[in-house]
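S.K.: Just a sequence and a predicted model for now, questions to come.
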Amino acid sequence: MRGIKGFTLIELLIAISIIAVLSTLAMITFANFQKNARDAKRQSDLNIVKSALEQYHSDKKNYPRNVVFDGESSIINGTRTYLSKVPLDPNNGTETQYCYEGSGTCSADGCTKYVLYTKLENGTTDDFTCAVLDSTPVSGYNLKVTPP
């Protein structure tokens, strides 16, 4: 038996254990990178919407009453399109992570202020509530963007 070469059961178990630990660490790190990338996309999306809203405000002197984040809607004033498609959350759109709240003084023409909210995966523990016009307020947002 001394001439047979191979690994013992203990050596195989140790090697498999090391591979399992390294694989688990790699998966956890990859998941965190994905969360950070989605959060960066959310912040970028809100900056794009904010820019479109500021252009809208400069033309119309108020902000829209409502913006729908469904990947299909747009921000339009008459013949001018400020944003052709309002972005959808990068998390496959399974849950709306964005919210627009017209605020200040609101009339049929629009509102004097607005607030944009999003739910960051690696965000703070802040808990903002978004009260969209004519709907039930939703809480759980942890990033708030307001006009300059």
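M.R.: Nice, thanks for sending it over.

S.K.: rest of the way, CA atoms for contacts and neighbours
M.R.: Fine.

S.K.: Now do the buried residues in stretch 120-129.
M.R.: 120, 128-129 (16 or more other Cα atoms under 10 Å).

S.K.: Which ones among those map onto strands?
M.R.: 128-129 (DSSP state E).

S.K.: Just the closest of the buried residues of stretch 120-129 to residue 103, please.
M.R.: Proximity of the buried residues of stretch 120-129 to residue 103 (Cα to Cα) peaks at residue 129, which lies at 12.9 Å.

S.K.: Name the SS class of residue 19, please.
M.R.: Here residue 19 is recorded as helix under DSSP: H, G, I helix; E, B strand; the rest coil.

S.K.: any idea how far residue 101 is from it?
M.R.: Residue 19 sits 49 Å away from residue 101, going by Cα to Cα, to the nearest Å.

S.K.: again with residue 67
M.R.: 8 Å.

S.K.: follow-up on the earlier one: give the residue from residue 19 and residue 101 that has the larger number of neighbours.
M.R.: Taking neighbours as other Cα atoms under 10 Å, residue 19 and residue 101 compare with residue 101 leading, 22 against 12.
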